[in-house]
Structure formats: C-alpha cells, structure tokens
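In: Generate coordinates for the sequence data below:
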Amino acid sequence: MTLAQYAMLLIIGWQTYNIARDGGMTIAEASGQLALIGLLQFLPLFVLTPFSGLAADRFDRRALGRLTVLLQLGCAAVLAWATASGAIALPILYAVAIVLGVARGFAGPALSALAPNLVPKAILPTAIALSSIAWQVGMIGGPALGGYLFSIEPHLPYTVAAVLFAVSATALTFIGRVSQPAVRKDQRPIGAIVDGLRYVVHNKMVLGAITLDLAAVFLAGATALFPVYARDILEVGETGLSQLAMAPAVGAALTAAWFSFRPINSNVGPKMLGAVAIFGCATIVFGLSKSMPLSLAMLFIVGAADMFSVYIRQSLIQLHTPDDKRGRVSSVSLLTISASNEGGDFFSGSLAFLIGPVAAVVAGGAGAVVTVALWARLFPVLVTTKTFDPPPDLLDSEPTKTQEA
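Out: Got it, this is the predicted structure:
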C-alpha cells in the first residue's frame, strides 16, 4: 500500500507543479499550488482523524483498513483515466487530494492501533522497526517506480498503484480475528474523543513526543518543494525528482533495518532530541545546496535522523498508552503527523511563495533546531527518559473485557 501511495504522491506533486509552470505561473506561484495540494489533503485529515480514532476503537480495524484502501484505489483509477485521456487538470488533482485525505484519515488510526493487537508488548519495539522497514521499502520503491513508469507512459504510475491497492485490500482479508478492548457503550462519541485527548494532554511523555514531531517536521518539511528543486534549482528533471524522493527513504530504511537487529535500549529521550536536531541541520544544508550529490547525501541524513526519532517516538507512545485508548491516542498522533506532513507541505509551499524556495527550506531547518532546544526545556521528561519501560500501572494492564473484531 505504501508503495502505491508514494508513487501517486510524487506524480501528483510533479503534475501539479508542471501544469502550473507550463500554464505561465512563476516559480513562486507554482510553489503556491503545491501548498494548496498539501492543504487540501490536510483539512480532511484534521477534521476526521479524531472521529476515525474512535471508530478504530469501536469497530473492526481490519474492515476499516480495507475500506480506506479501496477508496484510494478509486483515486488511482480516476487519475489513471484523466492522465491517459489528456483530461488531467489542476481541479482534478485538487479533488483527488481531498479524497485521499479522507481515506488516510480513517486508515491511519485503524491500521496503527491494529499492530499492538497482533504482537506481544515485549517485542512491540522490534515489530515497529520491522513494520517501518516495510513502510520505508514502499517509500524507496514508490518514488522510483512512479518516476520510472511516468517516463514510459504518464498514466502508468496510477494504473500500477490501483493494482497495488487491490493487492493490499486482499491481503488485509487474511488477518484473522483479533481481540479489541471493549469501549464503553454509554460514552458519547465526543466524550470518547475528549477522553483520548485528555490522556495525551496529561501524559507529558506522550504529549512531548507527539508535539516534537509536529513542530519540527511542520517547519522543516522540504518534500513538497522537491518538484521546484528538480525542475528549476538542481535542474535534474523527473529522474532527479525520483532520486530526491528516494534519498531520505533509503536513509530511513537502513536505519529501521539496523534497529530491527540492534534495538535502542538506553537514553532513548536524549537520542530522540538529538536526531531531530540533526534532521534540522541536514535540511539547512540541503536547502543551500546546488549540487545533486550533496543534496542526495543531506536528504539521506534527513531520512535516517527522522526514522531514528520515529522509532523512539512511536515505541514510547504505544507503550505508554492503555490498550483501550490506543485508537484514539493513535488518531491524535497521526493527526499531528498529517499536520506536520500535509500541513507542513502547505507551510513550506506558502513560505516559498513569500520568500522563495531556498530561503523557505533553510528557515524551516533552523526552526527544527530551535524546536529541540525549546522542547528540552518544556518537556524535561524527554531529556530524563532512559528506556522504553512504561509506567508501573501499565506494565500488567490487560483488558478485562474484549470484543471480537
């Protein structure tokens, strides 16, 4: 599924930027169109994710996952038809961006909350690392596949993505029944959502870890501007665009592979903060680079540092959250991820429209470094946390009542 998603996202951005530039827009104006694509994906995620988290706690997580994959399949089919027929235009790309936001808003909490139901707590960090490898393989292969297929025939990335989504939906049917903690039936939906938010706000570990990613990646996310760098700064075309998108994914995948064999077990909080600082510094160098090899090297470091922090953050969040709240807490976490990714795309595109793409990327990287210093003071628990061990009241907590999903 990730392979299909990232193949599509790369080409959606590339088509959006090129349609805008070929239509006479300046670099700044075309960057604004990339900002709009990010905003249109983020708004549905922002509105729906808290409710989809409750749905992940109350309903069959496997069924929700399948439905969202099928919705993304429909998006891929529409874009394949529009591209092949020559009907592709900015309004179509905007509409698909909205639908993808809706699908991902429901997919994230359901699939994220499903993972802890499938493996024992003792090996959850390793399972997260292995899952991250699969995700990063998709991130590596997706852009490469999308760029290569686009160079053969523009509609092929979307056609192949539709097939891959169909395979993913089929694969989800092979997951057997799992037990989910029963959610209180007398609790109103808004009350349940507020309950999940309240838990996040009052757990400084979870709140600090979630918001660290939100602030840093929101400010320093440069991926939305890859089409700008590929076409007008580095001048490497669609082949170079694929390489730019692959570089951070390769760094992230190798880091995840390392963690699957050598999990972190000491000084996890300080290491997470350090990884985010490195992420920001590498982003600054990438923004200033006019050399393709240097740009790829910096993006490799960006991806490796990001996966380092993701591995620690996700493990801390999952292990410090009761199982009956994992869907809602996962939805909050995924909402901040979408805010930092799609919301960050809107921010970086808008900033590029105002001050230019290079200045926007450099300013964002500097903002991430400043964020680390601020969060170390605002959330001292992140500095003092040494292991993944959850609080004593969660160590032996098991659901007393389950529902078969």
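In: Show me what the helix or strand encompassing R66 is packed against.
Out: According to DSSP states H and E, R66 maps onto helix 61-85. Using 3 or more Cβ pairs under 8 Å, 6 or more residues apart in numbering; DSSP states H and E as the contact test, the elements touching helix 61-85 are helix 2-22, helix 27-58, helix 90-118, helix 156-172. C-beta coordinates here come from the backbone N, C-alpha and C atoms, glycine included.
In: now that helix and helix 156-172, what's the angle there?
Out: Orientation note: helix 61-85 sits at an angle of 160 degrees relative to helix 156-172 (axes from the mean of the first three to the mean of the last three Cα atoms, to 10 degrees).
In: what about the stretch 151-300 of the chain, any weak spots by pLDDT?
Out: Within the stretch 151-300 of the chain, the stretches with pLDDT under 70 are 176-193.
In: Now find how far off-centre stretch 368-376 is within its chain.
Out: Relative to its chain's centre, stretch 368-376 lies at 21 Å (Cα atoms, centre = their mean, to the nearest Å).
In: average pLDDT for it?
Out: What stretch 368-376 shows for mean pLDDT is 95.
In: just to revisit the earlier point, tell me how far the helix holding R66 is from the chain's mean position?
Out: Averaged C-alpha coordinates place helix 61-85 at 18 Å from its chain's average position (Cα atoms, centre = their mean).
In: Mind listing what's buried along it?
Out: 61-62, 64-66, 68-69, 71-73, 75-80, 82-83 (16 or more other Cβ atoms under 10 Å).
In: Please apply the same query to stretch 254-274.
Out: By neighbour count, and taking 16+ other Cβ under 10 Å as the criterion, the buried residues in stretch 254-274 are 254-260, 264, 268-273.
In: Out of those, which is nearest to S291?
Out: L254 (22.1 Å; Cβ to Cβ).
In: And the helix or strand hosting the closest one, what does it pack against?
Out: Using DSSP H and E, the element containing L254 is helix 237-261. Judged by 3+ Cβ pairs under 8 Å, 6+ apart, helix 237-261 is in contact with helix 2-22, helix 124-152, helix 226-228, helix 292-319.
In: which one of those helices lies closest to I337?
Out: Using Cβ to Cβ, the helices and strands packed on helix 237-261 put helix 292-319 closest to I337, at 9.1 Å.
In: what angle separates that closest one from helix 237-261?
Out: 40 degrees.
In: And helix 292-319, what does it pack against?
Out: helix 124-152, helix 204-220, helix 237-261, helix 268-288, helix 326-355.
In: Of those, which is nearest L299?
Out: Nearest of these (Cβ to Cβ): helix 237-261, 3.7 Å.
In: Report the angle between the closest one and helix 2-22.
Out: In terms of direction (the same axes, to 10 degrees), helix 237-261 departs from helix 2-22 by 150 degrees.
In: How far away from the center of its chain is helix 237-261?
Out: Offset of helix 237-261 from its chain centre (Cα atoms, centre = their mean): 14 Å.
In: from here on, count from 36
Out: Taking 36 as the first residue, the last one we looked at is helix 272-296.
In: Could you confirm E270 falls within a strand?
Out: No: applying DSSP: H, G, I helix; E, B strand; the rest coil, one finds E270 to be coil, outside a strand.
In: Tell me what angle the helix holding L289 forms with helix 303-323.
Out: Angle between the axes of helix 272-296 and helix 303-323 is 170 degrees (criterion: the same axes, to 10 degrees).
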